[in-house]
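>>> Pasted the sequence and its predicted model underneath.
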Amino acid sequence: MNTSEAQLIEEEHFNTDSEQFLTFMLAGEEYGVEILSVQGVQGWSKTTPIPNTPDYILGVINLRGAIVPIIDLRKRFELEAIPYGSTTVVVVVKVTNEESDRTVGIVVDGVSEVYRLDNKDIQAAPEFGDAVKTEYIKGLATADEKMIILLEINKLISFDVIEEAFSNDEVNT
């Protein structure tokens, strides 16, 4: 590999003018989260329900010895429920706030692609007034002639709700 090839590879991997997003399907729409927050993707498996949690929190799973809350993104977005199928997956993400971080799984209809998007091509979410909450939408982008809704995972998943519901890590799965 010559010097110019090495520079191209370095620029592609460390380009601060673009970001990579893992995209997934939900009710026929494509959404994306920053790839750096993604810990992994796994097939759907049954959860252990936890009482007195919001309905979009399905329960917990034991993931390599860690208790991980699982959130149904369809319920979180108040979309029509569908039976989980062969393409249903759990995207495991790291949610952070000022004090700590937490691993959380989000159930989606299926994983799509990984896209590198230039920051200049990401448009702000349109304002709908108080009727529609858009604080967890990072922006909108077009890739391969389709619109992708980019999510701000740290705003989408309420850290307070997760911490309150799962502060006792002695839950057995």
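Yep, that arrived.

>>> Which elements pack onto the strand or helix carrying Leu58?
Following DSSP states H and E, one finds Leu58 within strand 57-63. Using 3 or more C-beta pairs under 8 Å, 6 or more residues apart in numbering; DSSP states H and E, the elements in contact with strand 57-63 are strand 66-72, strand 101-108, helix 159-165. In this view, the C-beta of every residue, glycine as well, is placed from N, C-alpha and C.

>>> Only the buried residues of the helix or strand that the second one is followed by, if you could.
For strand 101-108, the following helix or strand on the C-terminal side (DSSP H and E) is strand 110-118. When neighbours are counted by 16 or more other C-beta atoms under 10 Å, the buried residues of strand 110-118 are found to be Ser112, Tyr115, Leu117.

>>> Let's check: the centremost residue of this structure is which one?
Val33 (4.9 Å; C-alpha atoms, centre = their mean).

>>> tell me, which of the helices and strands packed on strand 57-63 is the model least confident about?
The weakest mean pLDDT among the helices and strands packed on strand 57-63 belongs to helix 159-165, with a mean of 64.

>>> in the chain, which ranges drop under the pLDDT threshold?
Counting by pLDDT under 70, the ranges of the chain that qualify are 1-16, 128-133, 159-173.

>>> quick one: the helices in it?
3-13, 73-76, 153-156, 159-165 (DSSP state H).

>>> gap between Thr47 and Leu73?
Distance of Thr47 to Leu73, given as C-beta to C-beta, to the nearest Å: 14 Å.

>>> my bad, should have said Asn62
21 Å.

>>> Same drill for those two, tell me which one is more crowded.
Legend: neighbour count by other C-beta atoms under 10 Å for Asn62 and Leu73, higher for Leu73 (20 against 13).

>>> how about the more buried one, what does it touch?
Leu26, Tyr31, Tyr56, Ile106, Val107, Val108 (C-beta atoms under 8 Å, 6 or more residues apart in numbering).

>>> same thing with Gly32?
Contacts here follow C-beta under 8 Å, 6+ apart; on that basis Gly32 touches Phe21, Leu22, Thr23, Phe24, Tyr115, Ala141, Ile148, Ile149, Leu150, Leu151.
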